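Trainee: Next come a sequence and a model predicted from it.
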Amino acid sequence: MSDKQYTYSDVAEHKTKKDLWVVIHDKVYNVSSFIDEHPGGEEVLLDVSGQDATEAFEDVGHSDEAREILEKLQAGVLKRQPGDPAPKAGDPSAAGAKPGPQGSAAGFGVGLYAIILVGGALAFGAYQFLQAKQQHEQ
Ligand code: HEM
């Protein structure tokens, strides 16, 4: 395993069958030597050449054996820079539709309205009470 750091643009320079790099889970792999042996074929690897292949790799549900092969192909780690594509975690919570916050925001809006109304009524009540008290004292 190597800790050598590469940027996205470094990886993007290696996208031919003879020189093919991919990023999986923020690690950089040189898969050139494996491309002819890949049971899934060379086409899928060429599709993700020089790019982040995390999602494609995880979607297939590769075996532990595949992960061991991958480990041996590691060239380095990815150095993220501002403006790089976001990590593709292959994580359903990252891609899946999350319920928006609208429901609770609407609830809060109604709650806020009620607080203003009650606060206003209290202030009005206090004003009336003080006026009455003042008149009583005169
Ligand atoms: C880059 C590193 C990769 C390695 C080391 C690798 C390795 C392997 C291995 C060892 C298998 C045999 C089944 C298994 O053990 O899980 C396999 C199958 C497969 N791989 Fe990959 N793979 C890689 C990337 C990809 C990518 C990016 C795709 C994109 C879709 C892909 C698609 C497939 C498919 C579809 C199969 C199933 C083939 C079949 O059963 O007919 N692989 N891969």
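Mentor: Nice, I can see it.

Trainee: Pretty sure residue 2 sits against residue 72.
Mentor: No. Applying CB atoms under 8 Å, one finds residue 2 not in contact with residue 72, separated by 11.2 Å. Glycine gets a C-beta too; all of them are placed from N, C-alpha and C.

Trainee: quick one: residue 132 and the ligand, what's the gap?
Mentor: 80 Å (CB to the nearest ligand atom, to the nearest Å).

Trainee: Could you do residue 34 as well?
Mentor: 6 Å.

Trainee: Next: residue 123.
Mentor: Separation of residue 123 from the ligand (CB to the nearest ligand atom): 66 Å.

Trainee: Over to residue 29?
Mentor: Distance, residue 29 to the ligand, by CB to the nearest ligand atom: 6 Å.

Trainee: Please identify which helix or strand holds that residue.
Mentor: Residue 29 belongs to strand 27-30 when elements are defined using DSSP states H and E.

Trainee: Let me know the secondary structure of the closest residue to the ligand within the chain.
Mentor: Nearest residue of the chain to the ligand (CB to the nearest ligand atom) works out as residue 40 at 2.4 Å. With DSSP: H, G, I helix; E, B strand; the rest coil as the basis, residue 40 sits in coil.

Trainee: What's the local residue count around the closest residue to it other than its chain neighbours?
Mentor: Spatial nearest neighbour of residue 40, chain neighbours left out: residue 60 (6.7 Å); criterion: CB to CB, 6 or more residues apart in numbering. Here the number of neighbours of residue 60 (other CB atoms under 10 Å) works out to 11.

Trainee: shouldn't residue 60 be in contact with residue 39?
Mentor: No. Using CB under 8 Å as the test, residue 60 is too far from residue 39 to be in contact (10.1 Å).

Trainee: hey, where'd the strands end up in this protein?
Mentor: For the chain, applying DSSP state E gives strands covering 5-6, 15-16, 19-24, 27-30, 74-78.

Trainee: need the ones you listed in TSV with mean pLDDT and distance to residue 64, can you?
Mentor: TSV is the format used below for the strands of the chain (pLDDT from 0 to 100; distance: least, CB to CB, whole Å):
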stretch	mean pLDDT	distance to residue 64
strand 5-6	97	26
strand 15-16	96	28
strand 19-24	98	15
strand 27-30	98	16
strand 74-78	97	16
